[in-house]
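Asker: Just a sequence and a predicted model for now, questions to come.
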Number of protein chains: 2
Amino acid sequence: MIKYPAGIKPKKGQEESEKPTKKKSLKAMATAANRGMGFESDINLTNDYYREKGIALIYKRPTPINIVKVDYTHGAKITDAYFETQSTTDYNGVYKGKYLDFEAKSTRSKTSFPLNNIAPQQITHLKLVKIHGGIAFFLINLALMDETYLLDAQYVCDFYDKKERMSIPFEEIKKHGHLVKEGYSPRYDYLPLVDEFFLK
Amino acid sequence: MIKYPAGIKPKKGQEESEKPTKKKSLKAMATAANRGMGFESDINLTNDYYREKGIALIYKRPTPINIVKVDYTHGAKITDAYFETQSTTDYNGVYKGKYLDFEAKSTRSKTSFPLNNIAPQQITHLKLVKIHGGIAFFLINLALMDETYLLDAQYVCDFYDKKERMSIPFEEIKKHGHLVKEGYSPRYDYLPLVDEFFLK
């Protein structure tokens, strides 16, 4: 079941046309869904590849955790803790001396990328990265279409600030973003797009 | 009690001369010790200042935690987890477009900075930061002397790799490092040194 974000409804007939008609289509959709769920780990693998090949040094930030209680009787075991909201983005690092910062998101929507996927403090953070001269973007995986786009954080922040829509239509992402080349290794080769659109 | 790192012994008479002789000296030493313990939080305050003033965007990385069990009966409570070793450094961020990465350490030693304060993977990480054109350094707080030095990561990595000594003598830190100006706010104003020694 697809949950349509507020303000976005599928065009008439659109849902029907995307329904699988053959077994093959069903399998293809399942594969795409799995890929969507594994998007973050694929980005991690991509960054591992970049690191091993000496191309860039990009890490996933650890999830911030608020520790309430630690049991020291057998080593240091955390027995009471809570997840904190990430005040920044998931990934940052260095590429050709420049600071690079991005968020990777996957959506199973058929029509648009819901902005409630992004926390307000992430928008604030990415704006600050831009102000300080860093490279900031989103990697948006359209899971059902099996496509991933690099989208300048500036565009997403502007869209967010306008508050006209609660989601970015795919046609806008395709128009303003750049298709990331997929492969076996690296899975999502996004750095050539950074070269082309941020470092030229 | 001061633990002398392997290979480093206090010079004859040095310990005696540093013993507090008056109440005032005792208090001064206690203050210095507290400052040493609060060094990390002072660096956090310094970074808050830089962020609020729009000077730089530098964050402390969250401590990586390996989560074993989460109880979802009342929200999401982590009931079993362990600390993982940080594979990078404590701080990174963006300053004038450049990637900046550092480790902040305080020592209560009287003579030298023990290298067992630094994990091997942190040395590896900082070397990679340098290779990728980032700014990498250590902030070393000599707690008992109430002085903090910015030391290029390259120097520390070279010293580490030589394996001749297990600690960097203070005179070497003073010779190769740069004294960080202390104040009320920012507590440790290290960015002017970055301007002078990394960005010129």
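Answerer: Yes, it's here.

Asker: Next, the angle from the longest strand that chain A contains to strand B:98-107.
Answerer: Using DSSP state E to define each element, chain A has its longest strand at strand A:98-107. Put simply, strand A:98-107 runs at 100 degrees to strand B:98-107, going by axes from the mean of the first three to the mean of the last three Cα atoms, to 10 degrees.

Asker: State the pLDDT value of the nearest residue to residue A:198 once chain neighbours are set aside.
Answerer: Distance criterion Cβ to Cβ, 6 or more residues apart in numbering or on different chains; nearest residue to residue A:198, sequence neighbours excluded, is residue A:135 at 4.7 Å. Just so you know, the C-beta spots here come from the backbone N, C-alpha and C atoms, and that holds for glycine as well. According to the prediction, residue A:135 has pLDDT 98.

Asker: what does residue A:115 give?
Answerer: According to the prediction, residue A:115 has pLDDT 95.

Asker: Against residue A:141, how distant is it?
Answerer: The span separating residue A:115 from residue A:141 equals 16 Å under the rule Cβ to Cβ, to the nearest Å.

Asker: cool, residue A:52 as well?
Answerer: For residue A:52, the distance to residue A:141 (Cβ to Cβ) stands at 23 Å.

Asker: OK, contacts around the residue nearest to residue A:198?
Answerer: A:95, A:98, A:99, A:100, A:101, A:129, A:194, A:198, A:199 (Cβ atoms under 8 Å, 6 or more residues apart in numbering or on different chains).

Asker: The same query, at a cut-off of 7 Å, please.
Answerer: Counting by Cβ atoms under 7 Å, 6 or more residues apart in numbering or on different chains, residue A:135 touches A:98, A:99, A:100, A:101, A:194, A:198.

Asker: So residue A:115 and residue A:141 - more neighbours on which side?
Answerer: In this comparison of residue A:115 against residue A:141, neighbours counted by other Cβ atoms under 10 Å in any protein chain shown, the higher total goes to residue A:141 at 27 against 18.

Asker: now that one, what's its secondary structure?
Answerer: Three-state assignment for residue A:141 (DSSP: H, G, I helix; E, B strand; the rest coil): strand.

Asker: Hmm, it is touching residue A:39, no?
Answerer: Yes. Under the contact definition of Cβ atoms under 7 Å, residue A:141 touches residue A:39, with a separation of 4.5 Å.

Asker: list residues touching both of those two?
Answerer: Listed contacts common to residue A:141 and residue A:39 are residue A:106; contacts here mean Cβ under 7 Å, 6+ apart.

Asker: in what helix or strand does the residue with the largest distance to the centre of chain A lie?
Answerer: Computed with Cα atoms, centre = their mean, the maximum C-alpha offset from the centroid of chain A is found at residue A:73, amounting to 40.3 Å. For residue A:73, there is no enclosing helix or strand under DSSP states H and E.

Asker: Sweet, I'm off.
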